[in-house]
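Enquirer: take a look and give me a structure for this.
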Amino acid sequence: MATLPFELVEDILRRLPVKSLKRFRAVAKLWCSLIDSENFVKMHLQKSVASNSHRSLVLGGLAVYTVDLDSLDKAHVVKPPFYYKTVDCISNSCNGIVLVISDPPVLWNPFSRDYKVLPQCSAEYPVVDEYYTKTTCGFGYDSIKDDYKIVRVVEYRNKSSHVWMNSKTMIYGLKSNSWREIEDFPYPLPFLKGHWRAFVSGAMHTLVEEYDRGYRARIMAFSVESEKHYEVAMPPGFRTRTFELNLDSIEGRLCLVCTNRSRAVIWVMNEYGVKESWTKLVSICPPLIEEGDFVKPLAYSGDRDKILLNCEDKRLFWYDLRKKSIEDVLVDGMPFVFYAEPCVESLISPDGPPTVKKLGREKIKGKKIRNKRDDFLSEGFKLVL
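Expert: Got it, this is the predicted structure:
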């Protein structure tokens with residue numbers, strides 16, 4: 001009986017789901033050290049993204065559920081390891097981490113169950129009788145600094161007219177575990193459900209409506225890397241007046257969802273920042289959906305011939321991009337009303353690395369570990385020749 005080469009064992013482990021890896025940490029101290037190491041965590045995520053594997057839907061609402069995107073067979077109840085209220089909202093996912101917009105906010109990996117309660121934002125906001133405040137949060141990943149950031153915008157609006165007056169903006173960095181004030185947003189945010197939905201190419205995107213010279217909508221972006229604002233072009237020749245508009249994303253690409261009584265249309269920007277790359281991906285009309293139904297893109301099928309859509313937070317269906325037809329998805333145990341966010345499973349912990357990670361890959365590859373490799377592998381994989 002011969003043991004597998006260590007590099008092959010490591011490659012096999014990278015292909016496994018998080019639930020299995022969490023169990024395999026108990027095989028041996030050195031397995032635990034490997035799986036917890038920063039290099040392995042990153043390589044596991046890269047492998048999952050590159051192979052489009054270990055994908056799930058996180059469903060929020062009265063409770064939290066996860067649904068495997070490959071099978072779409074059953075909704076599994078997830079009990080957050082912190083106090084979760086039904087009014088709390090779950091944001092977009094970044095590398096397997098979501099932001100639970102509660103008081104205080106919580107960064108949470110629903111697959112590893114690691115979480116971090118954020119410190120209170122200590123900014124002081126002036127109280128003015130004729131104004132009310134509206135708070136919006138955005139969650140994103142700064143790939144330059146390898147940091148997860150949360151943007152918190154408090155807007156002041158007139159109580160009677162709801163007209164935007166000004167705002168105050170704070171940003172949180174996971175590495176520093178602190179909030180700091182940044183330049184205020186120079187434009188009003190739409191009445192979102194408490195958070196940005198479209199984080200693409202290192203930036204949070206929102207639709208800004210203007211009425212100075214008739215109605216006009218434009219896409220504005222805020223980069224969490226440069227902390228600068230910039231405009232993103234609309235689809236060429238697109239007229240906004242006849243549609244209700246929403247921004248979203250699908251597998252790292254910006255989407256513009258347009259809805260009116262006669263149809264729902266989804267545009268996708270195939271090459272970020274290139275106006276001419278906007279493509280009409282989906283166009284659905286009654287009776288496939290009801291008049292005025294809102295749809296949200298979630299994920300492509302494995303062969304990319306279909307796209308999974310959430311309709312009115314009550315129904316999932318596949319839309320066939322070639323046949324222009326739909327197929328309802330029936331998931332056992334799925335709640336009647338829900339909102340869904342696609343998420344890739346990862347080992348990334350918002351609460352920082354455990355102490356065992358200090359061993360890291362370097363020691364595993366070192367001389368001491370090589371001498372113990374046979375004993376290490378004897379507790380795990382073996383190959384019969």
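
Enquirer: identify the residues contacting H54.
Expert: Going by C-beta atoms under 8 Å, 6 or more residues apart in numbering, H54 touches 17-18, 48, 344-345. The C-beta positions use only the backbone N, C-alpha and C, and glycine is treated the same way.

Enquirer: now it: phi and psi?
Expert: In terms of degrees, to the nearest 10, the main-chain angles of H54 are phi 50, psi 50.

Enquirer: name the nearest residue to it, ignoring sequence neighbours.
Expert: Using C-beta to C-beta, 6 or more residues apart in numbering and skipping the chain neighbours, the partner closest in space to H54 is E345 (4.1 Å).

Enquirer: remind me which residues of the stretch 51-200 of the chain are low pLDDT?
Expert: Applying pLDDT under 70 to the stretch 51-200 of the chain flags residues 87, 123-127, 191-195.

Enquirer: quick revisit: same list, the contacts of H54, but as TSV with neighbour count, distance to P190 and secondary structure please.
Expert: Converted to TSV, those look like this (neighbours: other C-beta atoms under 10 Å; distance: C-beta to C-beta, whole Å; DSSP: H, G, I helix; E, B strand; the rest coil):
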residue	neighbour count	distance to P190	secondary structure
P17	15	37	coil
V18	23	35	helix
S48	23	33	helix
V344	20	28	strand
E345	24	31	coil
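
Enquirer: now for these: which two are most distant?
Expert: Farthest-apart pair in these is P17 and V344; separation 10.7 Å (C-beta to C-beta).

Enquirer: for the contacts of H54, which one is nearest C258?
Expert: Nearest to C258, judged by C-beta to C-beta, of the contacts of H54 is V344 at 27.5 Å.

Enquirer: ends of stretch 310-330, how far apart?
Expert: 12 Å (C-alpha to C-alpha, to the nearest Å).

Enquirer: what about the stretch 251-385 of the chain, any weak spots by pLDDT?
Expert: Residues of the stretch 251-385 of the chain that meet the cut-off, pLDDT under 70, sit at 353-385.

Enquirer: which parts of it are helices?
Expert: 360-364, 367-371, 373-378 (DSSP state H, counting those that start in this stretch).

Enquirer: and the residue nearest to E210 when sequence neighbours are not counted, how many neighbours does it have?
Expert: Take E210 and drop its neighbours on the chain: the residue closest to it by C-beta to C-beta, 6+ apart is R216, 4.7 Å away. Using other C-beta atoms under 10 Å, R216 has 13 other residues around it.

Enquirer: R216 contacts L207, doesn't it?
Expert: No. Using C-beta atoms under 8 Å, R216 is not in contact with L207; the gap is 10.6 Å.

Enquirer: quick revisit: tell me the contacts of the residue nearest to E210?
Expert: Residues near R216 by C-beta under 8 Å, 6+ apart: 209-210, 240.

Enquirer: quickly find the element holding S20.
Expert: For S20, the host element (DSSP states H and E) is helix 18-24.

Enquirer: just N166 next, same as before
Expert: Taking DSSP H and E as the criterion, N166 maps to strand 164-173.

Enquirer: and for K134?
Expert: strand 131-142.

Enquirer: list the buried residues of the helix or strand that comes right after that strand.
Expert: Counting by DSSP H and E, the next helix or strand C-terminal to strand 131-142 is strand 147-158. The neighbour-count check on strand 147-158 (16 or more other C-beta atoms under 10 Å) flags 147-157 as buried.

Enquirer: could you say what helices and strands strand 147-158 packs with?
Expert: strand 131-142, strand 164-173 (3 or more C-beta pairs under 8 Å, 6 or more residues apart in numbering; DSSP states H and E).

Enquirer: find the centremost residue of the chain, please.
Expert: What sits nearest the mean C-alpha location of the chain, by C-alpha atoms, centre = their mean, is S93, with 1.6 Å.

Enquirer: wait, is that one part of a strand?
Expert: Yes. With DSSP: H, G, I helix; E, B strand; the rest coil as the criterion, S93 is part of a strand.

Enquirer: so what's it bridging to?
Expert: Bridge pairing for S93 (DSSP bridges) gives the partners V98.

Enquirer: what's the answer for T66, then?
Expert: Listed by DSSP bridges, the beta-bridge partners for T66 are V58, H76.

Enquirer: quick one: it from S93, how far?
Expert: 11 Å (C-beta to C-beta, to the nearest Å).

Enquirer: what do the two both touch?
Expert: Joint contacts of T66 and S93 (C-beta under 8 Å, 6+ apart) are 58, 343.

Enquirer: the stretch 251-385 of the chain: strands as residue ranges?
Expert: Counting by DSSP state E, counting those that start in this stretch, the segments of the stretch 251-385 of the chain that form strands are 253-259, 264-269, 278-284, 295-300, 306-311, 315-320, 326-329, 339-344.

Enquirer: would JSON lines of these with distance to S56 be doable?
Expert: Below are the strands of the stretch 251-385 of the chain laid out as JSON lines (distance: least, C-beta to C-beta, whole Å):
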{"stretch": "strand 253-259", "distance to S56": "19"}
{"stretch": "strand 264-269", "distance to S56": "22"}
{"stretch": "strand 278-284", "distance to S56": "22"}
{"stretch": "strand 295-300", "distance to S56": "10"}
{"stretch": "strand 306-311", "distance to S56": "12"}
{"stretch": "strand 315-320", "distance to S56": "13"}
{"stretch": "strand 326-329", "distance to S56": "14"}
{"stretch": "strand 339-344", "distance to S56": "5"}
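
Enquirer: need the helices and strands packed on strand 147-158 in TSV (columns: distance to L254 and mean neighbour count).
Expert: Below are the helices and strands packed on strand 147-158 laid out as TSV (distance: least, C-beta to C-beta, whole Å; neighbours: other C-beta atoms under 10 Å):
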stretch	distance to L254	mean neighbour count
strand 131-142	14	19
strand 164-173	22	17
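
Enquirer: can you redo those as CSV, where the extra columns are distance to W31?
Expert: Written out in CSV, the entries for the helices and strands packed on strand 147-158 read as follows (distance: least, C-beta to C-beta, whole Å):
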stretch, distance to W31
strand 131-142, 28
strand 164-173, 32
